[in-house]
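>>> no FASTA, just this:
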DNA sequence: GCAATAGTCAAGTGAATACTTAACTATCTA
DNA sequence: TAGATAGTTAAGTATTCACTTGACTATTGC
């Protein structure tokens, strides 16, 4: 599965998007991250794993606490893909415009 | 389901991402769009519906031909979400930097 | 009019997803 | 060192997903 596929799939889930929004405020432990979600800790950890595997989040365990933080390179990949689609689309529009004005 | 959720879910599938890449070259009919994919036309139409419902693609039927094209507003929504996450994240880093240099 | 073309609709299937609970393993603290 | 804390692992389940096939409808060109 490509990076991009893992990333988009990861962000397709509202819980995981909310986790990203929480983590963009700053790093935090798994249980702190889990606080607002009405589901088991195990479920949160499963979501976290998906985010980590996709490259959107980085985690590091120190003692018994795992600290989670955004990995900006994941966001970069999305940005690149969107920009590429848009630039191809706009280049095409420009050509169309040239054609019409000629 | 939120717009953003539909969009990210839609792009989580490689076939649908490939369809977006194809459509960013310019509008085309359903069967033209379907050409490179090794699956039934019905399956392609199902993917197309998901893209349309998410707001990433616009379609219009003229006679027996349905023309499909990118709707750039979908891409805008992704861009906004990514920018927001990144700006929150960077603002936090800036504060940290201020703190460390003080 | 009658094929061929372009797409639509519905029902079915196997695999993936988002959870749950329960039992477990480290690590820290009093 | 005992008990609380922080997280991990595994197994089970209901739902959703990505298809398929087959029957169908609407348009177009000869």
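Thanks, I have the structure now. Since this is a predicted model, take the numbers as computed values, not measurements. Numbering: from 1, shown residues only, chains lettered A, B, ... in the order given.
>>> For the helix or strand bottoming out on mean pLDDT in chain A, buried residues please.
The weakest-scoring helix or strand in chain A, judged by mean pLDDT, DSSP states H and E, is helix A:72-101 (a mean of 86). For helix A:72-101, a neighbour-count test (16 or more other Cβ atoms under 10 Å in any protein chain shown) marks A:72, A:74-75, A:77-79, A:81-82, A:85-86, A:88-89 as buried. C-beta here means a position set from N, CA and C on the backbone, and glycine is covered the same way.
>>> And for stretch A:1-9?
Buried, per 16+ other Cβ under 10 Å, within stretch A:1-9: A:3-4, A:6-9.
>>> what about it, average pLDDT?
For stretch A:1-9, mean pLDDT rounds to 95.
>>> can you list contacts of that stretch?
The contact list for stretch A:1-9 (Cβ atoms under 8 Å, 6 or more residues apart in numbering or on different chains) reads A:50, A:53-56, A:74, A:77-78, A:81, B:8-9, B:11-14, B:17.
>>> three-state assignment of residue A:51?
helix (DSSP: H, G, I helix; E, B strand; the rest coil).
>>> Just the pLDDT at it, thanks.
Reported pLDDT for residue A:51: 98.
>>> Who's the closest spatial neighbour of it, skipping the chain neighbours?
residue A:57 (4.1 Å; Cβ to Cβ, 6 or more residues apart in numbering or on different chains).
>>> I'd guessed residue A:52 sits against residue A:61; true?
No: Residue A:52 lies out of contact with residue A:61 (Cβ atoms under 8 Å); the separation is 11.8 Å.
>>> quick one: which of those two has more around it?
In this comparison of residue A:52 against residue A:61, neighbours counted by other Cβ atoms under 10 Å in any protein chain shown, the higher total goes to residue A:52 at 16 against 10.
>>> ok, now which ones touch the more buried one?
Residues near residue A:52 by Cβ under 8 Å, 6+ apart: A:58-59.
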